[in-house]
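In: coordinates for the following, if possible.
(one chain, ligands or ions: 1)
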Amino acid sequence: MTEDLACPICTMADILDAGDGYECATCGHEWMAELSDGLDDIRDANGNLLASGDTVTVIKDLKTDGKVGGIKAGTKIKSIRLVEGDHEIDAKVNGRGLLIRAAFVKKA
Ligand SMILES: [Zn+2]
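Out: Residues are numbered from 1 along each chain as shown. Got it, this is the predicted structure:
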């Protein structure tokens, strides 16, 4: 399991994604994503490293937990956000926030 992402300077966990790195909302410290030991490497179905902000394509039909509808294979998802847990991708599809497993997508 991964640790919570936290600022290396002030240890607060209010972290902003600054594209290729992170910015602490508390003290303003910025650092590169590579130096963070927060999230484990998250890879898509082809083994490519995923990053927050990537666009991915769903490779199989997915059911959404207990809700009507789902995501069809081939659906493109823009600006994913990586999160902790066994569903590593926090995505917005048709206006709904969904959690998706990285193994079910490939980088677009
Ligand atoms: Zn800080």
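
In: per-residue pLDDT, the spatially most central residue of the chain?
Out: To find the centre residue of the chain, average its C-alpha atoms and take the closest one (CA atoms, centre = their mean): that gives residue 82, at 1.2 Å. Residue 82 carries a pLDDT value of 92.

In: do the same with the one 3 residues further on
Out: Per-residue confidence (pLDDT) for residue 85: 84.

In: that one reaches residue 99, doesn't it?
Out: Yes: counting by CB atoms under 8 Å, residue 85 sits close enough to residue 99 to count as a contact (7.3 Å). All C-beta spots, glycine's among them, are computed from the backbone N, C-alpha and C.

In: okay, those two: which has more neighbours?
Out: Taking neighbours as other CB atoms under 10 Å, residue 85 and residue 99 compare with residue 99 leading, 15 against 11.

In: which residues in the chain form strands?
Out: Secondary structure of the chain by DSSP state E: the strands cover 15-17, 21-24, 30-32, 56-58, 62-63, 70-71, 76-77, 81-82, 89-93, 96-100, 105-107.

In: for those, give me a markdown table that also has distance to the ion.
Out: Conversion of the strands of the chain to a markdown table gives the following (distance: least, CB to the ion, whole Å):
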| stretch | distance to the ion |
| --- | --- |
| strand 15-17 | 8 |
| strand 21-24 | 3 |
| strand 30-32 | 10 |
| strand 56-58 | 30 |
| strand 62-63 | 36 |
| strand 70-71 | 36 |
| strand 76-77 | 30 |
| strand 81-82 | 20 |
| strand 89-93 | 23 |
| strand 96-100 | 27 |
| strand 105-107 | 30 |
